[in-house]
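[1] Got a predicted structure here, sequence first:
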Amino acid sequence: MGGSKETVFEGTEYRLSLSFSNDYPFKPPKIRSLLGEPNISSPLNTQAAQLWSNQEEYRKMVEKLYKPPSA
């Protein structure tokens, strides 16, 4: 699956795994993201892991950085 055009995700490819049960179409398939190895040389990985371990701080940071534009 490709990233949306005219966004920071444009040109990015995402791999997904779909698993269909015997109850399909009455139960939805399970979808898993198949992300590759992260950039282990990036100094941001440690910071991201620390933020992710504290979900409240993570939520605050996301809200601070990605506020929708004011109407």
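    Yes, it's here.

[2] How are the helices of the chain distributed by residue range?
    44-53, 55-65 (DSSP state H).

[3] tell me, which of those is the model least confident about?
    Note on these: lowest mean pLDDT is at helix 44-53, with a mean of 71.

[4] How about Ser17: what's its closest non-neighbour residue?
    What sits nearest to Ser17 in space, not counting adjacent residues and going by Cβ to Cβ, 6 or more residues apart in numbering, is Arg32, at 4.4 Å. From N, CA and C alone the C-beta is placed, and that goes for glycine too.

[5] OK, contacts around the one you found?
    16-17, 19 (Cβ atoms under 8 Å, 6 or more residues apart in numbering).

[6] Give me the local confidence score for Ala71.
    For Ala71, the predicted pLDDT is 52.

[7] which residue packs closest to the residue positioned nearest the centre of the chain, ignoring adjacent ones?
    Closest residue to the average C-alpha location of the chain: Ser33 at 8.5 Å, with Cα atoms, centre = their mean. Excluding the flanking residues, the one nearest Ser33 by Cβ to Cβ, 6+ apart is Leu16, at 6.1 Å.

[8] Next up, the contacts around that neighbour.
    1, 31-34.

[9] Go through the helices of the chain and name the closest to Lys5.
    helix 55-65 (22.2 Å; Cβ to Cβ).

[10] so what does the closest one touch, helix or strand wise?
    helix 44-53 (3 or more Cβ pairs under 8 Å, 6 or more residues apart in numbering; DSSP states H and E).

[11] got the angle for the helix it packs on vs helix 55-65?
    Angle between the axes of helix 44-53 and helix 55-65 is 120 degrees (criterion: axes from the mean of the first three to the mean of the last three Cα atoms, to 10 degrees).
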